[in-house]
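Q: take a look and give me a structure for this.
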Amino acid sequence: MKDTTTEPTRSQILASQLKQYQSLPLNAKVTLSKKRIQEWLDHWEDQCYVAFSGGWDSTVLLHLVWSINPRIPAVFVDTGLEYPEIREFVKTFGDKVVWLKPKMPFTQVIEKYGYPVVSKKVSMGLSRFRNTKSELQKQLRLHGGINPSSGKKQHRSVDIKWHFLTNAPFKCSEQCCDVMKKRPFKAYNKESGRKAIIGTMAVNSTIRKAQYIAEGCQSFNSSAPQSRPMSFWTEEDTCEYMELHNLPYSKIYDMGEDHSGCMFCMFGVHLEKGTNRFQRMYHSHPKQWNYCINQLGCGKVLDYIGVKYVPDEAQNNPRK
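A: Residues are numbered from 1 along each chain as shown. Below you'll find the model as predicted:
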């Protein structure tokens, strides 16, 4: 009888492995992560660095890496968009942190490319739609279908829910993160010859989960080698590790924020329940709120997608 069984693919193996690793207790995850870090350091002969954001995840990563080799530098990109409490926290590490700056400020990014709105996927789809001259391609990006040039099925790149943004009086783009964070890191990689260790986790997004399923924790042979030794951790693991080792952290987390990202990023804000990041910023950082909403023009964008940025109690007397 013919054997019809097939060997599982690498992606299937990694998907199963991810689920298994995520269910492990924290001490086992720490052991696995340290093993990955050691493999990375050995492979590159310690010519590595930790991409440090000042948030919980990268603080835990830094602690793990320094427990193996305290001479590995941490690298922070000062985009000018971080919460001031994040910048102050990063400063507490002194000369152990290398500070980088992007070449293009946020004002130029949104002018040239557009605002980061809804999600990276949606913003990318909207940007590609607007920059496509072919009417056929525009329709395929909106509705999907068979591409007559290739004969292959093409999926829509803009979900129906967000089609109304194709006519918005402002541009949308996912380029912000690439220009302001990734490019400075790429320049540092090239100048220093060091390889990155980052604290991203599969639970953070579908993109990061897909990255693990495609590559695992280590990308030795890619054009931009990268280690993600905490890929199988969860947010609960990070909190438990912080408490277990009594690690310091930015005051921003005591102010109700749960991320260390850019203050003015609009990715995911429409999904936030209760008081959102911009409504909290109204009280916690009024100067930055005014700059963001009124000077950068984020207010008009949030109005367009139906997201409040003034707290309910202040709706009748909004700050200008």
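Q: hey, where'd the strands end up in this structure?
A: In the chain, the strands defined using DSSP state E lie at 48-51, 74-77, 97-100, 117-118, 145-146, 153-154, 195-197, 218-219, 226-227, 266-267.
Q: how much space separates the nearest residue to residue 288 once chain neighbours are set aside from residue 142?
A: Of all residues not flanking residue 288 in the chain, residue 263 sits nearest, at 5.8 Å (Cβ to Cβ, 6 or more residues apart in numbering). C-betas here are computed from N, CA, C, even on glycine. When Cβ to Cβ, to the nearest Å is the yardstick, residue 263 and residue 142 sit 32 Å from each other.
Q: more crowded one of the two?
A: Taking neighbours as other Cβ atoms under 10 Å, residue 263 and residue 142 compare with residue 263 leading, 21 against 17.
Q: related to what we said a few turns ago, pick the most deeply packed of the strands of the chain.
A: Mean neighbour counts were taken over the strands of the chain using mean count of other Cβ atoms under 10 Å, and the top value, a mean of 26, falls to strand 117-118.
Q: quick one: strands adjacent to it?
A: strand 266-267 (parallel) (DSSP bridges).
Q: neighbouring contacts of the strand it pairs with?
A: Contacts to strand 266-267, defined as Cβ atoms under 8 Å, 6 or more residues apart in numbering, come from residues 115, 116, 117, 118, 119, 120, 123, 298, 301, 302, 305, 307.
Q: what is the burial count for residue 285?
A: 18.
Q: quick one: residues contacting it.
A: So residue 285 contacts 83, 84, 263 (Cβ under 8 Å, 6+ apart).
Q: show me those residues that map onto helices.
A: The helices, defined by DSSP state H, take in residue 84 from the contacts of residue 285.
Q: now, which of the contacts of residue 285 sits nearest residue 176?
A: residue 263 (12.3 Å; Cβ to Cβ).
Q: nearest spatial neighbour of residue 92, chain-adjacent residues omitted?
A: Nearest non-adjacent residue to residue 92, counting by Cβ to Cβ, 6+ apart: residue 248, 7.0 Å away.
Q: and that neighbour, how many neighbours?
A: 9.
Q: one more: residue 60?
A: For residue 60, using other Cβ under 10 Å, the count is 24.
Q: that one against residue 234, yeah?
A: No: between residue 60 and residue 234 there is no contact under Cβ atoms under 8 Å: 11.8 Å.
Q: shaky segments in the stretch 201-320 of the chain?
A: For the stretch 201-320 of the chain, applying pLDDT under 70 flags the ranges 316-320.
Q: actually the stretch 1-150 of the chain, not the one I typed
A: Ranges of the stretch 1-150 of the chain meeting pLDDT under 70: 1-5.
Q: mind doing that once more with 80?
A: By pLDDT under 80, the weakly predicted segments of the stretch 1-150 of the chain are 1-6.
Q: now the closest residue to residue 302 other than its chain neighbours: how far from residue 315?
A: Distance criterion Cβ to Cβ, 6+ apart; nearest residue to residue 302, sequence neighbours excluded, is residue 309 at 5.0 Å. Distance, residue 309 to residue 315, by Cβ to Cβ: 11 Å.
Q: quick one: which of the two has more around it?
A: Remark: of residue 309 and residue 315, residue 309 carries more neighbours, 21 against 9, as counted by other Cβ under 10 Å.
Q: surely that one touches residue 293?
A: Yes: assessed by Cβ under 8 Å, residue 309 is found in contact with residue 293 at 5.8 Å.
Q: shared neighbours of these two, anything?
A: Residues touching both residue 309 and residue 293 by Cβ under 8 Å, 6+ apart: 278, 299, 302.
Q: tell me, how many residues neighbour the last one?
A: Residue neighbour count, defined by other Cβ under 10 Å, stands at 22 for residue 302.
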